[in-house]
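Visitor: Let's see this in three dimensions:
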Amino acid sequence: MVAAAETTAAESVQSAIKLGVSDVRISYGGTVALQDVTLEVRENEIFGIIGPANAGKTSFLKAINRMDMFTAGMQVEGDIHFNGRDVRQLNNVYALRSRIGVVFPLPVGLPMTVYDNVALSPRLRGIKDKRKLDIIVERCLMRAALWDEVKDRLDALGSLLSGGQQQRLTIARALSQEPELLMLDEFSIAVDPVTTMRIEDVLKELRSDMTILLVTNLVQQARRLADRTAFFLEGKCIEIGQTEELFTGEVQDQRTRDYVEGRFG
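Guide: Prediction:
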């Protein structure tokens, strides 16, 4: 296990690199939020990022999806490659975002029906046939473990759902993009424990179809879900390794051990 991601020859054959990050530095005005981050995320893995508040985790996700365009004063330096292409050099940012789904800490429901929330992205891709849209909406709601609860009220406003249901609706909407990379930023912060476990089960199933980048303050959630995990602290990536190794004491940095064992954070 090392401070920057390394793969063995066997691992490289088994799984290609979906996201490659090298020497990334993020600042807001003159304040550095994240620096010297180098890591790789492989196809069809759940990659966890843990760390206390203000460690730079959310800023990292914003940089991947070019959301710094909407954040005043945010500056990103370094290399971020998605499918081998530098995201900073892509002219069509919207095409990039169509391949990267994002779920934020709090549900972001659009002011429309449950059905239209999920059907929006397919419609933007040019799908107009009602039968095709019906299939997509049902599939995405089922994958988000929400179909059985809303199938009889698809015409109701999504904002009328409970908090946990709205978060799953947000996941369904992200899935309707057919993303290659799904980024989740503290998805369970406003969700009850039972719903959280249901969503975790969904994420385990989705691993076979996409790559998942999971940012969480809940270290045990990372342990349950992530194949590999990075520990961020005070704007730096302290350590990266197989998740179970981080939780069984096979770590290089004492700060990692202290965090996962609950001594701070």
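Visitor: Now for residue 45: which residues touch it?
Guide: With contacts defined as Cβ atoms under 8 Å, 6 or more residues apart in numbering, the neighbours of residue 45 are 15, 207, 211, 212, 227, 228. In short, each C-beta sits where N, CA and C put it, glycine included.
Visitor: which intervals of the stretch 1-150 of the chain have sub-threshold pLDDT?
Guide: The stretch 1-150 of the chain contains residues with pLDDT under 70 at 1-15, 109.
Visitor: And the helices in it, which stretches?
Guide: Using DSSP state H, counting those that start in this stretch, the helices of the stretch 1-150 of the chain run over 9-14, 57-64, 93-98, 114-124, 130-143, 147-150.
Visitor: Ok, the stretch 151-265 of the chain next?
Guide: With DSSP H, counting those that start in this stretch as the criterion, the stretch 151-265 of the chain has helices at 163-175, 193-206, 219-225, 243-247, 254-260.
Visitor: To residue 28, which of the helices of the stretch 1-150 of the chain lies closest?
Guide: Residue 28 sits nearest to helix 57-64 of all the helices of the stretch 1-150 of the chain, at 8.1 Å, using Cβ to Cβ.
Visitor: starting at the chain centroid, how far to the closest one?
Guide: Its chain's average C-alpha position is 10 Å from that of helix 57-64, according to Cα atoms, centre = their mean, to the nearest Å.
Visitor: hang on, the earlier thing: out of the helices of the stretch 151-265 of the chain, nearest to residue 154?
Guide: Of all the helices of the stretch 151-265 of the chain, it is helix 163-175 that lies closest to residue 154, at 10.9 Å by Cβ to Cβ.
Visitor: Please identify the buried residues of the closest one?
Guide: By neighbour count on 16 or more other Cβ atoms under 10 Å, the buried set for helix 163-175 is 164, 165, 166, 167, 168, 169, 170, 171, 172, 173, 174, 175.
Visitor: With stretch 255-265 instead?
Guide: Quick answer for stretch 255-265 (16+ other Cβ under 10 Å): 255, 256, 257, 259, 260.
Visitor: Give me whichever of the helices of the stretch 1-150 of the chain is most buried.
Guide: Among the helices of the stretch 1-150 of the chain, ranked by average contacts under mean count of other Cβ atoms under 10 Å, first place goes to helix 57-64 (a mean of 22).
Visitor: What is that one packed up against?
Guide: Packing partners of helix 57-64 (3 or more Cβ pairs under 8 Å, 6 or more residues apart in numbering; DSSP states H and E): strand 17-28, strand 31-42, strand 74-82, strand 181-185, strand 211-216.
Visitor: Now tabulate those in CSV and tack on mean neighbour count and distance to residue 111.
Guide: Output for the helices and strands packed on helix 57-64, formatted as CSV (neighbours: other Cβ atoms under 10 Å; distance: least, Cβ to Cβ, whole Å):
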stretch, mean neighbour count, distance to residue 111
strand 17-28, 18, 30
strand 31-42, 19, 32
strand 74-82, 17, 27
strand 181-185, 23, 22
strand 211-216, 24, 27
